[in-house]
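>>> Okay, predicted coordinates and the sequence, questions at the end:
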Amino acid sequence: MTKPLRHVFVCTQQRPPNHPRGSCASAGAPPILQAFWAEQQKRQAYEKIAITYSGCLGPCDGGPNVLVYPDNVLYRGVGLADVAEIFDKHLEGGEVVERLRADAAVW
């Protein structure tokens, strides 16, 4: 395997129902992870983009959270409809999707 250009971490942290911090899994992260994997497959981007599920990335209340390295960009409140845009603009185009980017105070 070659070193990917970008590595995407999708938080799939699960906490008990009504936990005060919430969790990305309860906010819908598992289907988002599946959508990233589907886009990777559709685009045959295995050599360029790595997709990995992760535990807690920190700011649980704004999840689902997606972290992109080496760009050090945290996306918050990511929905299924956002996955293709993140792939198009950021992962392949190098342009951060500002409307989803976490505020500097958060990340």
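Sure thing, it's come through.
>>> Using the three-state scheme, assign the residue of the chain most remote from its centre.
Most distant residue from the mean C-alpha position of the chain: Asn18, 23.1 Å away (CA atoms, centre = their mean). Three-state assignment for Asn18 (DSSP: H, G, I helix; E, B strand; the rest coil): coil.
>>> And the pLDDT for it?
In this model, Asn18 is scored at 85, pLDDT.
>>> what do you get for Met1?
In this model, Met1 is scored at 67, pLDDT.
>>> Spell out for me which residue occupies the centre of this structure.
With distances taken as CA atoms, centre = their mean, the residue of the chain nearest its centroid is Val66 (2.2 Å).
>>> just checking, that one touches Gly79?
No: counting by CB atoms under 8 Å, Gly79 is not a contact partner of Val66; they are 10.6 Å apart. Where C-beta positions appear, they are placed from N, C-alpha and C, glycine not excepted.
>>> Could you tell me which residues touch both of these two?
Residues touching both Val66 and Gly79 (CB atoms under 8 Å, 6 or more residues apart in numbering) are Ile32.
>>> Packing partners of the top helix by length along the chain?
As assigned by DSSP state H, the longest helix anywhere in the chain is helix 29-42. Applying 3 or more CB pairs under 8 Å, 6 or more residues apart in numbering; DSSP states H and E, one finds that helix 29-42 contacts strand 6-11, strand 49-54, helix 80-85.
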